[in-house]
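Student: kindly return the folded structure for what I paste below:
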Amino acid sequence: MMNNRVWTMPAALLLVAAATAGQTIESEVMVGSGTIVPRAAASGLQTRRVSPGAVVSGTFSVQAAGSYEITMTCSNDSYAGLPLEQLSVTVDGVPMRQTAACPNTAVAGQPGAGWNVFRTVSFGTTNLGVGSHTLVARVLDPTDGYQLELDKFATSLVSVPAAGVSVEVVAGLVQNFPASSSTVFTAAASCTAAYPVRVGGGCVVNNAQRFRLSTSAPSGGADWVCHWSRESTSYIGQGQAFAICAKK
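Tutor: Purely as a prediction, here's the structure:
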């Protein structure tokens, strides 16, 4: 059994715990130029096709202060040797240190197939505080004349302040896996009012070799959710979720 407790987490450990503290911005929900196109391999099954001069914007939030890498996932079915479209990004009006070009994703001998092949490129890192932020992307010249498609932009925490951070570890209720129940089991742990910002979490279970485990951290939510699927209804066991929470 785990009990809730408050402790000072070293920065290096907080970096691991907060690996899910970033957020993805799907291009199809952003505001601005372009045409929405269905793509089976896109993260949200849609992309935004844009041309040079296009401007798109979207909001995202982070739950831990630190240095974040900003990346873009895109497709660009082009011809070899043609110039690639460059994009610039600002976050809260501050330009990122570098622009990024969407790579050529053409598939040899399959014209058009490259639009459903995606690559991820980086704009570098920027320091962000906890809360909501606005990302604006602009498509620059040169161009290959065939546009490009934006799948998503994403943030990823790469470093945190050097000082230790006080956090609370919150344990969810222990749940049983009776053989007569569903083969899918879910448990959750929520942050408290004193430490409301979720920066990580995980799952524990006995008889772990007999269960398949996955986790999810809902965007904007405080719950750390664990899902177990039994390999056989004859197995029984117990599981528990825990959340790592920080002050605002």
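Student: skipping adjacent residues, who's closest to residue 146 in space?
Tutor: residue 78 (5.5 Å; CB to CB, 6 or more residues apart in numbering). To be clear about C-beta, it is placed using only N, CA and C from the backbone, and glycine gets the same treatment.
Student: check for me that that neighbour belongs to a strand.
Tutor: No. With DSSP: H, G, I helix; E, B strand; the rest coil as the criterion, residue 78 is coil rather than part of a strand.
Student: just use 121 as the starting number from now, easier for me
Tutor: Yep, numbering from 121; the last one is residue 198 now.
Student: quick one: residue 235 is in a helix?
Tutor: Yes. Under three-state DSSP, residue 235 falls within a helix.
Student: got the contact list for the residue lying closest to residue 150 once chain neighbours are set aside?
Tutor: Among residues not flanking residue 150 along the chain, residue 178 sits closest, at 3.9 Å (CB to CB, 6+ apart). Residues near residue 178 by CB atoms under 8 Å, 6 or more residues apart in numbering: 145, 149, 150, 151, 254, 255, 273.
Student: mind putting the residues you listed into CSV with pLDDT, neighbour count and distance to residue 294?
Tutor: Conversion of the contacts of residue 178 to CSV gives the following (pLDDT from 0 to 100; neighbours: other CB atoms under 10 Å; distance: CB to CB, whole Å):
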residue, pLDDT, neighbour count, distance to residue 294
145, 90, 21, 37
149, 92, 13, 38
150, 95, 21, 42
151, 95, 10, 45
254, 94, 12, 42
255, 95, 22, 41
273, 94, 25, 39
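Student: what's around the residue nearest to residue 250 when sequence neighbours are not counted, how many residues?
Tutor: Nearest non-adjacent residue to residue 250, counting by CB to CB, 6+ apart: residue 185, 5.4 Å away. The number of residues packed near residue 185 is 20, by other CB atoms under 10 Å.
Student: equivalent analysis for residue 228, please.
Tutor: Counted with other CB under 10 Å, the neighbours of residue 228 add up to 8.
Student: and the end-to-end length of stretch 217-227?
Tutor: Using CA to CA, to the nearest Å, the end-to-end distance of stretch 217-227 comes out at 31 Å.
Student: where in this structure is pLDDT low?
Tutor: 121-142, 262-265, 278-285, 296-307, 319-358, 368 (pLDDT under 70).
Student: mind naming the longest strand for it?
Tutor: Longest strand of the chain, by residue count under DSSP state E: strand 268-279.
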